[in-house]
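# One predicted model, sequence on top.
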Amino acid sequence: MSKREMNPKVDDYVSRAENWKTEFETLRMVALDCGLVEDLKWGHPCYTLNNKNVVLIHGFKEYCALLFFKGVLLKDTDNLLIQQTENVQAGRQIRFTNVQQIYEKESTLKEYIKEAAAVEEAGLEVNVDKKEEIPDELQTKFNEIKGLKAAFEDLTPGRQRAYILYFAKAKRSETRVSRIEKYMKHIMDGKGLNDK
């Protein structure tokens, strides 16, 4: 895809958006103006360079955001980047509650996206803490429920880690099982712990 070539899967995503439609369309144009390739990954518009994820657009109840996959490596000269949760190691967000905020920051957003693309082009990697050990109760569910393990492995590393930490935090096995059962549909739907 060339600059500003729109992916039909993202057209469909934006057209069906109940919230943040105008914001998604605006963020989409900003990302495409930076020469990235548009795709739909994990159910969200994702922008790549040389098949490497650079930035993702996603919406939440109270805000929509640009997620920079390796945001922790960006200079963040305007102090815009937010760590979504304490468990997120590499990704950082810039959040918006209305389209005017995007318009006001458009040139800065493009600078951040171009810096993120340069990070990817340079092959820089984030040093993340060791991979968390999967709780026995989750491994048991993987063996019992067809497709659960594959769905879990299809999640982003950050989403996998958030689930593992949340499940493992429970002291009792019964509580871990209860938490896993509560979020199995979420996992099967490709959603993270805090996704709606």
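Looks like it arrived, so ask away.
# So which bits of stretch 25-40 are buried?
25-28, 30-32, 34, 36-40 (16 or more other Cβ atoms under 10 Å). For every residue, glycine as well, the C-beta is placed using N, CA and C.
# Narrow the residues you listed to those in helices?
E25, T26, L27, R28, V30, A31, L32 (DSSP state H).
# Looking at these, which is nearest K191?
Using Cβ to Cβ, L27 comes nearest to K191 of those, at 20.3 Å.
# Any figure for the gap between that closest one and K110?
Using Cβ to Cβ, to the nearest Å, L27 is found at 11 Å from K110.
# just R95 next, same as before
Distance from R95 to K110, by Cβ to Cβ: 17 Å.
# for the longest strand seen in the chain, packing partners?
Counting by DSSP state E, the longest strand found in the chain is strand 52-59. Judged by 3 or more Cβ pairs under 8 Å, 6 or more residues apart in numbering; DSSP states H and E, strand 52-59 is in contact with helix 21-33, strand 44-49, strand 64-68, helix 99-121.
# ok, now with 10 Å
With contacts taken as 3 or more Cβ pairs under 10 Å, 6 or more residues apart in numbering; DSSP states H and E, strand 52-59 sits against helix 8-16, helix 21-33, strand 37-41, strand 44-49, strand 64-68, strand 92-96, helix 99-121.
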